[in-house]
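**Student:** Just need the structure, nothing else, for what follows:
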Amino acid sequence: MINLSLHFSMTKTTITYSRIWNVAYPIILGSVAQNLINFTDTAFLGRVGEIALGAGALGGIFYLAIMMLGLGFGTGAQIIIARRYGEKELKKVGPVVDHSIVFLILLSVITFSLLQYGMDALLKVTVQSEAVFKATVEYLNIRSYGVFFAFLNMVFRAFYVGLAKTKVITYTTFVMAAVNIVLDYVLIFGKWGAPEMGIEGAALASVIAEATALLFFFIYTSATIKFADYALFRFVHITFRQMISILRISVPMMMQSFISLSVWFVFFLIIEKLGEASLAVSNIIRSVFVLLMMPIWGFATATNTLVSYLIGLKQENEVMALIRKIAVLTFAGVALIVSFGLVFPKLVMEVYTNDPTLVEMGIPVLYVVSLGALFLSIGFIYFNGVSGTGKTNISLTIEVIVLSIYLFYTYSQVYIFGADITRTWTAELVYGSLLAIFSFAYLKTNRWKHSKV
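**Tutor:** Numbering: from 1, shown residues only. Here you go, the predicted model:
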């Protein structure tokens with residue numbers, strides 16, 4: 001037993017740090033551009049007022065939770081595409097893309113209807129502040145139109161990430177960020193002859209930016225990809241059997257992503273009970289937290305793709321070594337970003353708000369989420385290693401268990417122990433550490449080996 005363990009720990013992977021970085025860094029740069037959107041929305045709405053800032057947080061998270069359904073399906077498709085790529089079955093990639101388009105168009109219709117006709121009733125019973133409620137509804141009434149563009153963007157993203165051709169993710173997201181930033185300035189504040197729309201302007205800017213990104217994806221794909229190489233965009237063999245095979249991998253990812261963001265939405269609803277100032281601070285911290293998550297998301301996506309690719313190559317014994325390498329790179333990247341916030345916390349807070357009370361409230365929370373991001377840099381990589389093996393039902397189970405503990409911890413801090421905003425945010429430490437422990441424990445069992453997708 002000792003010898004086997006020693007042999008396993010010494011196993012190396014043929015995938016180098018350089019290869020991992022080449023897959024991850026375009027996604028990280030894309031996350032930088034995406035964070036520019038979050039930063040711009042938060043900074044501009046912070047100048048509008050506390051109500052707009054709080055409503056932007058709730059509306060943005062509510063919309064993002066819906067988007068997680070599409071992202072989860074796209075991640076499942078990405079895992080399958082990477083597996084086919086590793087198996088050298090390129091002609092089987094196109095049908096996965098075609099089926100994904102069909103499914104996500106149907107899903108976009110359903111989610112749009114939910115956002116248009118179901119959100120009022122849900123928000124009415126969950127949001128305490130009447131002013132925040134009204135502003136959130138105004139935001140989502142417009143933002144909901146973006147689902148059609150966002151879901152189709154996820155199909156293109158799955159295709160390119162599955163093939164480890166990730167540079168286009170950077171290009172597309174920077175185009176989207178540029179459009180969003182300009183339109184935020186014009187529409188929120190009514191510049192250049194445009195009407196002053198406030199929070200509705202932020203929503204409209206995001207919708208137009210997503211539509212622009214989809215157009216860029218289509219033009220880029222038409223110019224650089226030979227559709228025949230992958231049997232792409234044929235739509236001639238859309239079958240129930242193939243759809244079910246994709247859904248078997250994707251549905252747990254969809255539920256996992258949706259539940260994760262839904263729980264974060266509930267987290268912010270609990271925060272809202274602490275007052276409008278606490279909600280405003282948490283929206284700022286949310287934007288900072290997204291910044292800290294940038295390298296994590298990039299390397300996590302690379303983990304999904306490269307683990308599935310290795311299994312397709314029949315090199316399963318290299319998987320744990322690969323994940324360890326990615327975890328090291330991720331921790332280093334997060335530590336580099338965290339160090340700036342720890343040295344200049346007041347400067348970071350003042351980027352988002354000029355209210356000295358919010359700055360003072362936010363600095364201790366910033367310290368907590370910085371530590372939480374370091375925990376997540378390990379936990380999220382091992383967690384995505386589990387899903388990359390194709391055992392998405394296991395990753396869903398892990399997520400549900402960890403999030404249940406996370407939610408109970410948050411609720412008890414606020415309603416039982418009367419915690420302030422800083423102690424409440426320590427829930428992120430709980431989440432990151434438990435995710436790492438459960439995911440690593442499962443991977444060490446080797447039960448994921450020889451999984452089929």
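
**Student:** Point out where the chain drops to low pLDDT.
**Tutor:** 1-13, 31-36, 38-39, 126 (pLDDT under 70).

**Student:** swap the cut-off to 50 and go again
**Tutor:** Applying pLDDT under 50 to the chain flags the ranges 1-10.

**Student:** and the one helix or strand residue 348 maps to, C-alpha only, in PDB?
**Tutor:** Using DSSP states H and E, residue 348 maps to helix 345-352. Extracted in PDB, the C-alpha atoms of helix 345-352 (Å, rounded to 0.1, in the frame of the first residue of the first chain):
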ATOM      1  CA  PRO A 345      -7.100  48.200   1.000                       C
ATOM      2  CA  LYS A 346      -8.400  51.800   1.200                       C
ATOM      3  CA  LEU A 347      -7.300  52.600  -2.300                       C
ATOM      4  CA  VAL A 348      -9.200  49.500  -3.600                       C
ATOM      5  CA  MET A 349     -12.400  50.500  -1.800                       C
ATOM      6  CA  GLU A 350     -12.200  54.200  -2.900                       C
ATOM      7  CA  VAL A 351     -12.100  53.000  -6.500                       C
ATOM      8  CA  TYR A 352     -15.700  51.900  -6.100                       C
END
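
**Student:** And the helix or strand containing residue 321, what does it pack against?
**Tutor:** For residue 321, the element it lies in under DSSP H and E is helix 319-343. On a contact count with 3 or more C-beta pairs under 8 Å, 6 or more residues apart in numbering; DSSP states H and E, helix 319-343 meets helix 17-48, helix 276-312, helix 356-388, helix 427-445. For the C-beta atoms, the positions are set from N, CA and C on the backbone; glycine is no exception.

**Student:** Out of these, which is the most enclosed?
**Tutor:** helix 276-312 (a mean of 24; mean count of other C-beta atoms under 10 Å).

**Student:** In terms of secondary structure, what does the helix holding residue 348 contact?
**Tutor:** Counting by 3+ C-beta pairs under 8 Å, 6+ apart, helix 345-352 packs on helix 17-48, helix 276-312, helix 356-388.

**Student:** any idea how far the helix holding residue 321 is from the chain center?
**Tutor:** Centroid separation for helix 319-343 versus its chain: 17 Å, with C-alpha atoms, centre = their mean, to the nearest Å.

**Student:** Any chance you could list what contacts that helix?
**Tutor:** 8, 11-13, 15, 17, 20-21, 24, 28, 288, 291-292, 294-296, 299-300, 302-303, 306-307, 310-311, 348, 366-367, 370, 373-374, 376-378, 380-382, 385, 389, 443-444 (C-beta atoms under 8 Å, 6 or more residues apart in numbering).

**Student:** got TSV for the helices and strands packed on helix 345-352, with distance to residue 260 too?
**Tutor:** Below are those laid out as TSV (distance: least, C-beta to C-beta, whole Å):
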stretch	distance to residue 260
helix 17-48	17
helix 276-312	12
helix 356-388	10
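
**Student:** Identify whichever of the ones you listed lies nearest to residue 129.
**Tutor:** Closest approach to residue 129 among the helices and strands packed on helix 345-352 (C-beta to C-beta): helix 276-312, 6.1 Å.

**Student:** ok and that closest one relative to helix 427-445, angle-wise?
**Tutor:** 10 degrees (axes from the mean of the first three to the mean of the last three C-alpha atoms, to 10 degrees).

**Student:** which helices and strands sit right next to helix 276-312?
**Tutor:** helix 17-48, helix 50-86, helix 147-162, helix 240-272, helix 319-343, helix 345-352, helix 356-388, helix 421-424.

**Student:** This completes my enquiry, with thanks.
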